[in-house]
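Give the three-dimensional model of this entry:
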Amino acid sequence: MIRLMIDDMYDSMPWEAIDAVVFDVGNVLLTYQAQELLDKLVPERPDLHEELTIRIFKSPYWCMRDRNSATLEEVIAAMSSNAPELEPYVRRVMTGWIDLPPIQEGIEALKACKRHGVKLYALTNYADEEFAYACRQHEFFSLFDGFVVSARVHLIKPGHEIYEHLTRTFGLDPERTLFIDDTPGNIEGALHCGWQGLCYNRAGKLAHFFAE
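Numbers count the residues shown, from 1 in each chain. This is a model prediction of the structure:
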């Protein structure tokens, strides 16, 4: 039997049914769009953007950073292997992408959860140093009660182990835990582990669901 997402069962947040809300970070709380980053970081070479997208953002090497199974230098070298002329651009993107603008809709949902007294956690695929930088740059991270960062636990969404790790670490009831993520596969992983899920796949969805 298919497990439904929470917004397919309720028109608005059922506060009485949820003890903890778990937020993804990228594209829920911070804007993370490959093309926007390339426009910003490599504006003078739009002809390279497609190749850089494939080599950087769509590469398994990016996942290695998220899992902390490779260093930044190793990943830069791998991404520019057999194309050394691209190494300066790869390096520029890999060291410069971390300044991500906030998504106000996601932050307002986070604040609404805080006002209602539910526990707040972040579950994110993120490199360790880059996540620490984001926490220093954005005050809203202080609202969280805890974090599970892929690079710190060497696990990655949507593998079920990372959801189960968060459940065990913070003593959560999966049935009363809501996960918000922009990636359908990550939500499917949470549903598989018995969590509630909400896929933030269009603007306005969080504003409507968490309206007070």
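
OK, contacts around the residue lying closest to residue 3 once chain neighbours are set aside?
Among residues not flanking residue 3 along the chain, residue 191 sits closest, at 4.5 Å (C-beta to C-beta, 6 or more residues apart in numbering). Yep, even glycine has a C-beta here, placed from its N, CA and C like the rest. Contacts for residue 191 were tallied using C-beta atoms under 8 Å, 6 or more residues apart in numbering; they are 3, 5, 197.

what helix or strand is residue 191 on?
helix 184-192 (DSSP states H and E).

And that helix, how far out from the chain middle?
13 Å (C-alpha atoms, centre = their mean, to the nearest Å).

What ranges does the protein have for its strands?
Secondary structure of the chain by DSSP state E: the strands cover 20-23, 119-124, 146-149, 177-181, 196-199.

Looking at the ones you listed, which is nearest to residue 48?
Closest to residue 48 of those, according to C-beta to C-beta: strand 119-124, at 28.2 Å.

Off-centre distance for that closest one?
10 Å.

Residues contacting it, please?
In contact with strand 119-124 (C-beta under 8 Å, 6+ apart) are residues 19-26, 29, 110, 113-114, 131, 141, 143-150, 157, 162-163, 166, 170, 172, 179, 181.

Given it, what are its sheet partners and their directions?
Neighbouring strands of strand 119-124 in its sheet, by DSSP bridges, are strand 20-23 (parallel), strand 146-149 (parallel).

For those, give me JSON lines that also has mean pLDDT, mean neighbour count and distance to residue 51.
Below are the strands paired with strand 119-124 laid out as JSON lines (pLDDT from 0 to 100; neighbours: other C-beta atoms under 10 Å; distance: least, C-beta to C-beta, whole Å):
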{"stretch": "strand 20-23", "mean pLDDT": "98", "mean neighbour count": "25", "distance to residue 51": "33"}
{"stretch": "strand 146-149", "mean pLDDT": "98", "mean neighbour count": "19", "distance to residue 51": "29"}
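
what's the closest of those strands to residue 78?
strand 146-149 (21.9 Å).

Please save the CA atoms from that closest one in CSV.
Presented in CSV, the C-alpha positions along strand 146-149 are these (Å, rounded to 0.1, in the frame of the first residue of the first chain):
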residue,chain,number,x,y,z
GLY,A,146,20.0,19.2,16.0
PHE,A,147,21.6,18.4,12.7
VAL,A,148,22.4,15.2,10.7
VAL,A,149,24.9,16.2,7.9
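
so where is the chain shaky, pLDDT-wise?
Residue ranges of the chain with pLDDT under 70: none are present.

which residues does residue 211 contact?
residue 12.

Residue 195 contacts residue 176, doesn't it?
No - contact criterion C-beta atoms under 8 Å: residue 195 and residue 176 do not qualify, at 9.1 Å.

Look at these two and report which has more neighbours.
Neighbour tally, residue 195 and residue 176, criterion other C-beta atoms under 10 Å: the higher count belongs to residue 195, 25 against 16.

from memory residue 15 sits against residue 116, does it?
Yes - using C-beta under 8 Å, residue 15 is in contact with residue 116, at 5.1 Å.

before we move on, back to that, residue 68 is nearest to which of the strands of the chain?
The closest of these to residue 68 is strand 146-149. By C-beta to C-beta, the value is 9.0 Å.

Figure out how far that closest one is from the centre of its chain.
11 Å.
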